[in-house]
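[1] fold the stuff below for me.
(2 chains)
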Protein chains: 2
Amino acid sequence: MQNGSQVLSGSLDKALSAATRSFAQWGGFAPGLRVAVLRGLSEELAARRCELVATAATETGLGGQRLAGEVERTRLQLAQFARFIEDGGHFDAVIDPATDARPDVRRVNVPLGPVAVFAASNFPFAFGVAGTDTAAALAAGCPVIVKGHPSQPETARLVAAAVHAALTAAGAPAGAFQLLPESGLDTGRALVRAPEITAVAFTGSLTGGRALFDLAAARPRPIPVYAEMGSLNPVFLLPGAVMDAPEDLADAYVESLTASNGQLCTKPGVTFLPQGEPGDRFVARAVRQVEKREPDAVLNGSIWQRLVTGTAELADRPGVTVLAGCSAPDGAGRRFPVSLVQAALDTFLTDPALTEERFGPFGVIVRYDTQRALTAVASLDGHLTATIHLGTGDEDDARRLAADLTGKVGRLVWNGWPTGVAVTDAMHHGGPYPASTSAAHTSVGTHAIARFLRPVAFQNSPQSQLPAPLQDANPMGIPRRVAGRTTAEAIGPTTTNTEGRARK
Amino acid sequence: MQNGSQVLSGSLDKALSAATRSFAQWGGFAPGLRVAVLRGLSEELAARRCELVATAATETGLGGQRLAGEVERTRLQLAQFARFIEDGGHFDAVIDPATDARPDVRRVNVPLGPVAVFAASNFPFAFGVAGTDTAAALAAGCPVIVKGHPSQPETARLVAAAVHAALTAAGAPAGAFQLLPESGLDTGRALVRAPEITAVAFTGSLTGGRALFDLAAARPRPIPVYAEMGSLNPVFLLPGAVMDAPEDLADAYVESLTASNGQLCTKPGVTFLPQGEPGDRFVARAVRQVEKREPDAVLNGSIWQRLVTGTAELADRPGVTVLAGCSAPDGAGRRFPVSLVQAALDTFLTDPALTEERFGPFGVIVRYDTQRALTAVASLDGHLTATIHLGTGDEDDARRLAADLTGKVGRLVWNGWPTGVAVTDAMHHGGPYPASTSAAHTSVGTHAIARFLRPVAFQNSPQSQLPAPLQDANPMGIPRRVAGRTTAEAIGPTTTNTEGRARK
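    The predicted structure follows:
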């Protein structure tokens, strides 16, 4: 024990000190070095794709096609962040020239400092060692120390080697990215407590995220924890939509529910379906589709164990009907069948076992009569997403429902399914607690970089002392809000005070 | 006791339920009602100026001119937030039209929900019941519940009456703004713990702000606490600047140190001055200026008591020289003389008593030799501001110092003084802990509204179900980032998918 924690403390100390040393070079205003590393890393991942996919397939049980797609998604993220910082959007530069009443004030974002990233288990690449959290923090200018997921040590090492190659090729400091050699809970705790760490990014369970949040809040100097945690992702199938096409909806539902074997944070965990004949047709079709599927392996043994005990517990609850699955076949290994249960709305509203997130191929169908379902939304916790399917005659119900859901979620999906998070500027992947610990922040899309930046204002600075993004001449050619107007133009000597002293 | 807490719980419960009820109307996307209230409140404050100033003067001991100026500043803040939401800048609307590879995604900011505001003692208006925190939260669309400062009950009631008048005149729900009838610690704790509250804004001491932060972090659903707390606001007088004009600098220093009797969070609490003759002239002049001033009353008895004990303790520390003041005159009431102490850099770096913020007319002068002072910055905690005065030959030292300080502060002031925070778009009034509990947020300037907003993304929404700021037609005429370009134009049917279904 003592030996282990000495090793840990030794390697963590070294990593922290290398990260701190690298910050001045890595976190500068000029984005060129970081752009080179992000693009170089994208090339490294492409070059190592076969080895990465094969290794991750062994460690996760996920399919090769899914994993190859994830490598591409990871490369897309890196490319988007590279473009974003090259364009200077992350600076959010604002310039208010001096007036008779007030001094010249200019604001720009700067990186926080070294950041801790906890890699997720369900996306070995896109939310892994060099996933969206790492890419966003690196792009922001923050050195990153990663704790890999304990179930994927080889994948983690391979990805880290790709990052190191990209850093070396660009001449960047090695301390800008480090994977800790240990991946246990003690390592995670020590990392969050380290005074050098300025922010934490995490993707995983509510229990894990909350534990890191509590640790960080109790530090002498608290730091933000951006934990993207559990979510039920409620789906509301309105009567007109179900009447229009119950079987098509059921097919699409099962596709979304079983994507990546149900191991997505955006899995449609609970689906509200009207009582009556069209709803019954939806259920019958969903069950048929589910029963066609062979049980598939889940990511690791603890997910499997929680599915076995969780579904058994649910099957015994009063008012809960098992529609499919809910018990592991003999000699299953880590395989678990796609499982569905059904309950009436009253049961859902009163039994907390039904509102717990259950990671893996498992879904709850709740049968409702329209008016009750709409008011029941008020009892929902925060979620990453909610989804509304509307058809003929559903417009007004949908509008009321959307207004309620907007207060509860980070993303509202219409006539689609929550799985598959588009990597775009406008994406918001987060939501009110317990979906995340910071409702204002996203972990997907270019806006994810905001988690690792903070603004600094400069008052009456001489031009020669201003950071480049704020200089009159705008040498970086970035967009800036100057006296309330967004422009990439230089500022003339008549619009501002270049002497560095306030006008009287 | 029991009776008191029953009363408290009764009035708090009522306030929480009124705030929650008002949210749907107050927090809508259309800003008209909120703009009317913010502008109406500005008029109400102007109409009641004399009574407000007279009452606050009695309760705070601050001068009439200072208080009248503060009423104007408060009105300016209200006007700026009204203009900002009228222009739609707070929406931060982003639209990514569908492509072959991804759905249509649109993002807009929405208000968090009911917000708790803790009024500060040192700005009865600008950071008081209807100060910048309240104005920002109201503008965002969040109902506000205020705990007034216990030392200013009458001022609080008068300002609250002005807000109520503005709400009534505009036809706004009374629950959008409420002042709690009690202002004790129990009230504050119960408010932060209330499940209905979604964020907390506070201006005051490190002890108070940290206590609220800890309470909020320990809730079943944690909420953000935006606490603007203490700061030493270090001022670096570089050798060339002091050589150029030691007496002028000393005069300006004393003006800044004694503004509002030293009771500003941006007071220059510690000033680094070179050893040698020009520095000695600065000190002699500062002492002369300070000794000309009559002791003035501080805001309340506890500030006075802390000054008496704090300066006495400091005067006894080895290496600390009293230059002026540091003891209260007989029969002083709440008056305390402007007090200065001096120490060598070594003493400053090793004695924590010198780095404690001491609210009121008190300053520390630290004598340095250049190289040591620059490296000593690394030992500084986070601060709201830092200031650099540079003169002939100081450019390179200033550049290194500025790079270090940018990592420590929210605002860097050049050749000026930190007091007097300009209310502009670019202002950042905040900083790394312990200056604030959220380094990414400001409590002054239009950007302060961001504390009370969170983004929601809408995926493949039918046009008729989209919030107005995101509709193709742009009916509100607001600026939006559409496919990466900022524009206030409407979107044509060719650039997006108006049917509400993803392209395949």
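
[2] distance check, the spatially most central residue of chain A against residue B:130.
    Centroid-nearest residue in chain A: residue A:443, 3.5 Å away (criterion: Cα atoms, centre = their mean). Using Cβ to Cβ, to the nearest Å, residue A:443 is found at 36 Å from residue B:130. From N, CA and C alone the C-beta is placed, and that goes for glycine too.

[3] let me see the domain layout of chain A.
    Using automatic domain parsing, the domains assigned to chain A come out as A:2-229+A:442-452, A:235-414.

[4] hey, which of those is tucked in deepest?
    domain A:2-229+A:442-452 (a mean of 21; mean count of other Cβ atoms under 10 Å in any protein chain shown).

[5] touching, residue A:124 and residue A:70? I think so.
    Yes. With contact defined as Cβ atoms under 8 Å, residue A:124 and residue A:70 form a contacting pair (7.2 Å).

[6] what residues does the stretch 151-300 of chain A put near chain B?
    Counting by Cβ under 8 Å from any Cβ of the partner chain, the residues of the stretch 151-300 of chain A close to chain B are A:213-214, A:217-218, A:221-222, A:224.

[7] helices or strands up against the helix or strand of chain A with the lowest mean pLDDT?
    In chain A, no helix or strand scores lower on mean pLDDT, DSSP states H and E than helix A:370-376, which sits at a mean of 72. Judged by 3 or more Cβ pairs under 8 Å, 6 or more residues apart in numbering or on different chains; DSSP states H and E, the packing partners of helix A:370-376 are helix A:345-350, helix A:395-406.

[8] any idea which of the ones you listed gets closest to chain B?
    Of all the helices and strands packed on helix A:370-376, the one in closest proximity to chain B, counting by Cβ to the nearest Cβ, is helix A:395-406 (5.5 Å).

[9] show me how far the closest one is from its chain's centre.
    26 Å (Cα atoms, centre = their mean, to the nearest Å).

[10] over to stretch A:340-347?
    29 Å.

[11] sorry, back to before: may I see the helices and strands packed on helix A:370-376 organised as CSV, with distance to chain B and mean pLDDT added?
    Conversion of the helices and strands packed on helix A:370-376 to CSV gives the following (distance: least, Cβ to the nearest Cβ, whole Å; pLDDT from 0 to 100):
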stretch, distance to chain B, mean pLDDT
helix A:345-350, 18, 91
helix A:395-406, 6, 93
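
[12] packing partners of the helix or strand encompassing residue A:75?
    Residue A:75 belongs to helix A:64-87 when elements are defined using DSSP states H and E. Applying 3+ Cβ pairs under 8 Å, 6+ apart, we find helix A:64-87 packed against helix A:32-47, helix A:49-60, helix A:132-140.

[13] which of those sits closest to chain B?
    When the helices and strands packed on helix A:64-87 are compared (using Cβ to the nearest Cβ), the closest one is helix A:132-140, at 11.5 Å.

[14] orientation of the closest one relative to helix A:64-87 in degrees?
    20 degrees (axes from the mean of the first three to the mean of the last three Cα atoms, to 10 degrees).

[15] helix A:132-140 near chain B anywhere?
    No. Judged by Cβ under 8 Å from any Cβ, helix A:132-140 and chain B are separated, with a smallest distance of 11.5 Å.

[16] tell me what the helix or strand just after that helix is packed against?
    The C-terminal neighbour of helix A:132-140 among helices and strands, as given by DSSP H and E, is strand A:144-147. On a contact count with 3+ Cβ pairs under 8 Å, 6+ apart, strand A:144-147 meets helix A:2-26, strand A:115-118, helix A:132-140, strand A:177-179, helix A:185-193.

[17] could you redo the last one with a cut-off of 7 Å?
    Judged by 3 or more Cβ pairs under 7 Å, 6 or more residues apart in numbering or on different chains; DSSP states H and E, strand A:144-147 is in contact with strand A:115-118, helix A:132-140, strand A:177-179, helix A:185-193.

[18] residues making contact with the shortest one?
    In other words, strand A:177-179. A:15, A:18-19, A:129, A:138, A:144-146, A:148, A:156, A:160, A:163, A:167 (Cβ atoms under 7 Å, 6 or more residues apart in numbering or on different chains).

[19] change it to 8 Å
    The contact list for strand A:177-179, computed with Cβ atoms under 8 Å, 6 or more residues apart in numbering or on different chains, reads A:15, A:18-19, A:129, A:134, A:138, A:143-146, A:148, A:156-157, A:160, A:163-164, A:167.

[20] circling back: what angle separates the helix holding residue A:75 from helix A:49-60?
    Going by the same axes, to 10 degrees, helix A:64-87 makes 120 degrees with helix A:49-60.

[21] elements contacting the helix or strand just after helix A:64-87?
    Sequence-wise, the next helix or strand downstream of helix A:64-87 (DSSP H and E) is strand A:94-96. Secondary structure elements in contact with strand A:94-96, counted by 3+ Cβ pairs under 8 Å, 6+ apart, are strand A:105-111, strand A:480-482.
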